[in-house]
Each structure stands twice: as C-alpha cells, then as structure tokens.
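Student: have a look; sequence and predicted model below, questions after that.
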Amino acid sequence: MKPMMSRIAPFLLATLALAQGVPQNPGYVPGPDAQIKPGVPRGKVIKFTYDTSRILPGTSRAVSVYVPAQYDGSKPACVMVYQDGAGYVSETGGSRATIVMDNLIADGSMPVTVGIFVDPGVTPGVTAEQMARYHRSLEYDGLGDRYARFLIEDLIPEVETRANVKISANPDDRGVIGGSSGGIAAFVAAWERPDSFHRVISYIGSFTNLRGGDTLAAWIRKFEPKPLRIFMQDGANDQSIYSGSWFLANQEIYASLEYSGYDAKFVIGTEGHSGRHGGAILPEALRWVWREYPKPIVASTSGPGARHYITDFLEPGADWQVVGQGYGAVVASAVDQGGILHFADVKSGRIYKLGADGRPVVFKENSASTGLMFGPDGLLYAAQPGKKRIVAFSTDGTEQLVAQNVDAQNIAVTSKGRIYFTDPGARRVWLLDTDKKKRVVFQSTADNNIAYPGAIQLSPDEHLLNVTDRDSRWVWSMQLGADSGAQAPMPFHHLETADDTQITNAAGIAIDNTGHLFVATSLGIQVVDQPGRVVGVVRKPQAGPVNSLVFGGDGLHTLYVTTGDRVFSRKMRRTGTLPWQPVKLPRPQL
C-alpha cells in the first residue's frame, strides 16, 4: 500500500508493519536472529584503514570485513556493502549485522555473503590544530556515480586483497545498505551502477535536497526501469528540516517505485530520525532482498507506468544488440534512403556501412569525420574538422569537396540541399547555402550563450533547428526564417543532469515522426516532447558516453547508437524520419 499521511497513529503503524510481513516489535529491539545461537558457525571480522583511494583521493576511512565461516574459496562469495559501517558491525548495537548474517547464512535465508562495513572518508589535517575535512555528505548525499565507482573500482578489490576473498562480479550477488545519508548512498550506488548492484536496503533514507536527492523521485518515473530490488524503512516522525521532510521524501520515492513497477517494499514505523527500527528489522530486510536467490532480479515491465515506458517508446522484449565492435572512437552516424546505417570511426579515419548481411563493412578509408548526414541527392555529407572541410560521398565512395576552410563539427542537411553546421570553437552555427556561400546564422552572446554547440538537427517539418549544448542542460531551438537564417534562439528543451554541474554532455539528436527528440546524454538517451519536457530516459547500452544516434532499419523503427568502440541497435515503438523528407508534425499535448 502507498503511505500518504505525514502522521500515522501508532496502532495503524503496527497494522501496516504486520501487513507488510514484518513482526510487530513496538520496542524496536533486536530479535532472536540478532542473538548468538548455539551451533551456528561464527564468521571472522578483519579490520583495516583504507587511505589509498584513487576515486576519492586524500581520504582515510575505517573498513571492517566480515567473512562467513562457510566461505571456503571454492567460488566467489556474494557481498553486502554497509555504509556507516561501524554502526552495523558492532555486536552490542541495534543491528548486530555480523550476528544476523551468521544466522541467516546458516539457515539458508542468505547465500554465503561477505559483509563490507565501510565508514565515510575523512581528509585529516596536516597538524593537530587543523580541522579534518569530513566527506560523509559529499560521498553519500549527492547524485552521480563517483561513490559507486569508489566501491566498485577501489574498495571491493582492496577487500579481496586484504581479506583474501573472491567476491562475485554478478550484480545479482551484490547488495548495498545504509541509513539516513547512507540510505540514499546505497540507493544511488545501485541506481547508477545496476551492472554491479541489484539489492538495496535504505533506512530513513535522506531523499531530500541536501545535495539534490529530491530529484530521484522524478527520475525513477522517467527512467527505463532498472533491475533493482529495494527495501525501504522510515518513521512517521522522521525529521523535517531546511532540506525537506524525510518521511514525505521516502513516500515520494516509494510511490515512484510503485509507479514504475519496481520490486519494492516500504515498512513504516513510529520512530523519528533513528536507526532503532531499521536495526530491529535487519533480519527481515535481508531475507526480503535475498529471497528466491539465485533467481535473477530483472527490470520491471509492469506497474502503472509500464505503458509510458514500454508501449510508447520501447519494443517489449527488445534490448540493445551489438552491431559492431573493436573500433577506435565511433562518433558519428547517418542512414541513407533505405535506412542503412553508416558510421564514422574518427581514430581509424574509416567510414563503415552495414552490408547486406547486417555486418559493418568499410565504406571509405582516410576520412576522419565527426558529423555525417545524407542529403536529398543521395550523397553522404561529412564534416572533417581536422581538414577544415565538408565533403560528400557518392554511393561508390567517390569524394567531392563541398566547402573548405570551415570548422564544422556536426551537420544538418535540408530537403533543398542547404547545410547547417556547428562550430564549437567559435560558438557559432553556420549556413552553407545551395550556392556554397557560407554565413553565420547564430553567434553566442552573453544573452544567448551556447557554451558548446555540438549536435544539430532539423525538426521533421523543417521549421526549427535544434542544437545541443554539451556544457549545459539545454537543447536550443531556433526558428528558420524565410531567408533560411536562424532566429528567436531559445534554451528550449530542458534536459535532466547527472549532478550539480548541470552538464549533460549532450552529443547527438534523433527525432521521431511525432517530434520527440532522442538526445544522447551522460544519464542516458533522454526522450523530450515537443514542448521541451523530458518524458522518459532510455538506458545506455554500456557505461560511457553515447556519441551519436539515428533511426534506421526497416521502417525506421531501429535506434542505432555509437558509444566508445561499439555500435548498438535496439528496436523501438517509434518511427524515425529522414531529414530530406519533411513531415507534418501533430499538435503536442501542452
């Protein structure tokens, strides 16, 4: 059930907890599973100080590692990572996590699982008189993948070495847990890196605006569902301070998880901002997130939001497929009249196309290009900033010079053969007319500032020119006048950003026949409606930036993306457009 009230009577809370399958424990004291039981093997705890982090340099922190008695090294162990670890590893505290893990592993409620208990980092002063710098809020409260990377790239390998254990890389074998700021840290680590963590426990999670955590409730609704299982706990009397109400924020998170169909559970108690309730129900929380192991945790395709995510945008059952791999840096893509993909590897200088068997073959050598687009004449136009020129290729690869002494990064070709291109260094957009004369149609100013004009794309009706700004959260919209000039520039399409920098790293645009923009960003492929609102985010096929994307294939229902050394495809329930074939757009929902 969805909790809605800010204050709930204690008797109702007990009813709610019982309905959720958690035994009533009005005193919130550790139960039998938090007590040492005769005959249950006891794991060992190894403690050390970790001060050589690469991701969080200059920090020092205490780490304790629980190794279960059943671990024999014959196969990698599962893992639970506890934030604010010192509060969990104590055998006299409220949670007594090592004792709980002893008991649950012994009775089969959990697999053989290593526990990593890690404290937040501190940068000590150089002298005794200097105050240390405390990293808890920086590491725990913010968005982005930095803390997740610390766990994955720094801490877990260090634990494997120090404790002489091997930890499974399977995300179904990995969980994260924490309370308060540690609770949001646990959620964000799995949210950012579902390739590494699938199981989450959050107690009294700080999903308020300490460092932007209030954004998560909306993101959960917009993003393509991820393969996560989330257990939440909060108290109806949790704190309400300058950054928000903890209880309301946790209700918002849970409501969003329900909307998007996640496997989630929310247990409400009577406490304020306290770990007593969470500590008391730790055995139930661990049993719930590890239930049915080793059955994989999969992304949801149900829930009230399923129609939005699956039917409207994503082809059910379709996932990213590798089209080609092993390239240097694939940064540009385009499709011809038949929807056949062409893409450019800027490092090797090759342009590839998909052959009749669907496999990439070399189309052109020695043509390092950063922007590609076909024109109405069937030619493949290419921006080559290294040679300061724009060229065009016929179907047999014959090259002809279109313009020289131009700093073109990306290009857009109209149905009449005009070419617009971006010039990031000068922060300009240029027009190359049919007579091959060039002129500036947009120049960044203090009032209309595009810090890095990158990808460029015409609306399907050729009314508007859309230009990404890599270094902001906006896709700019410019009206094309009767003289083909760009007018009324506006930071129009409002993108989601990964962290406080407000930088999206927007690097490519594709547009469907309803006018929805598909924008490649650090967060994923953001789907933006005609009025400029992000209505969904499609997950990236792999970690790292998506450099370009384009609709192609049979009926233009396949979305191709280039990222790093690979090219991927995915079937969509959307139809793309060809730039040289104008399409009348439907009126949007305002």
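Tutor: Looks like it came in fine.

Student: how about the contacts made by the spatially most central residue of the chain?
Tutor: Nearest to the mean C-alpha position of the chain, counting by C-alpha atoms, centre = their mean, stands Leu523 at 4.3 Å. Each residue near Leu523 by C-beta atoms under 8 Å, 6 or more residues apart in numbering is listed here: Phe223, Glu496, Thr497, Ala498, Thr504, Val537. Bear in mind the C-beta positions are built from the backbone N, C-alpha and C, glycine included.

Student: strands of the stretch 201-350 of the chain, start to end?
Tutor: Secondary structure of the stretch 201-350 of the chain, counting by DSSP state E, counting those that start in this stretch: strands at 229-235, 240-241, 244-245, 263-269, 321-325, 330-335, 341-345, 350-354.

Student: what's the closest of these to Gly552?
Tutor: Closest approach to Gly552 among the strands of the stretch 201-350 of the chain is made by strand 330-335 (3.6 Å; C-beta to C-beta).

Student: how far away from the center of its chain is the closest one?
Tutor: The chain centre lies 22 Å from the centre of strand 330-335; the measure is C-alpha atoms, centre = their mean, to the nearest Å.

Student: what's the local residue count around Val538?
Tutor: Using other C-beta atoms under 10 Å, Val538 has 23 neighbouring residues.

Student: beta partners of the closest residue to it other than its chain neighbours?
Tutor: Among residues not flanking Val538 along the chain, Ile525 sits closest, at 4.1 Å (C-beta to C-beta, 6 or more residues apart in numbering). Beta-bridge partners of Ile525, counted by DSSP bridges, are Ala520, Val538.

Student: quick check: Ile525 vs Asp435, distance?
Tutor: Distance, Ile525 to Asp435, using C-beta to C-beta, to the nearest Å: 37 Å.

Student: now do the same end-to-end measure for stretch 381-401.
Tutor: 10 Å (C-alpha to C-alpha, to the nearest Å).

Student: ok, back up a step: gap between the residue nearest to Val538 and Leu314?
Tutor: Distance from Ile525 to Leu314, by C-beta to C-beta: 11 Å.

Student: shared neighbours, the two?
Tutor: The contact sets of Ile525 and Leu314 overlap at Val538 (C-beta under 8 Å, 6+ apart).

Student: can you give me the strands for the stretch 351-500 of the chain?
Tutor: Secondary structure of the stretch 351-500 of the chain (DSSP E, counting those that start in this stretch): strands at 360-364, 371-374, 380-384, 389-393, 399-404, 411-413, 419-423, 428-432, 438-443, 453-458, 464-469, 474-480, 486-494.

Student: one more: the stretch 1-150 of the chain?
Tutor: Using DSSP E, counting those that start in this stretch, the strands assigned to the stretch 1-150 of the chain run over residues 44-50, 61-67, 78-83, 113-118, 122-123, 133-134.

Student: picking up where we left off before, between Ile525 and Asp435, which is the more surrounded one?
Tutor: Ile525 (24 against 7).

Student: hang on, that one packs against His516?
Tutor: No. Using C-beta atoms under 8 Å, Ile525 is not in contact with His516; the gap is 11.1 Å.

Student: quick one on the thing from earlier: the residue nearest to the centre of the chain - that's part of a strand, no?
Tutor: No. Counting by DSSP: H, G, I helix; E, B strand; the rest coil, Leu523 is located in no strand; its state is coil.

Student: and the pLDDT at it?
Tutor: Here the pLDDT value assigned to Leu523 is 91.

Student: next one: Pro10
Tutor: Turning to Pro10, the model gives it a pLDDT of 35.

Student: same thing with the one 10 residues further on?
Tutor: Listed pLDDT for Gln20 reads 42.

Student: and what of the one 5 residues further on?
Tutor: With respect to pLDDT, Asn25 scores 51.

Student: and Gln589, by the same measure?
Tutor: Per the predicted model, pLDDT is 79 at Gln589.

Student: could you count how many residues lie near it?
Tutor: 9.

Student: list the contacts for the closest residue in space to it that isn't next to it in sequence?
Tutor: Spatial nearest neighbour of Gln589, chain neighbours left out: Asp529 (7.5 Å); criterion: C-beta to C-beta, 6+ apart. In this structure, Asp529 makes contact with Gly515, His516, Val535, Pro588, Gln589, judged by C-beta under 8 Å, 6+ apart.
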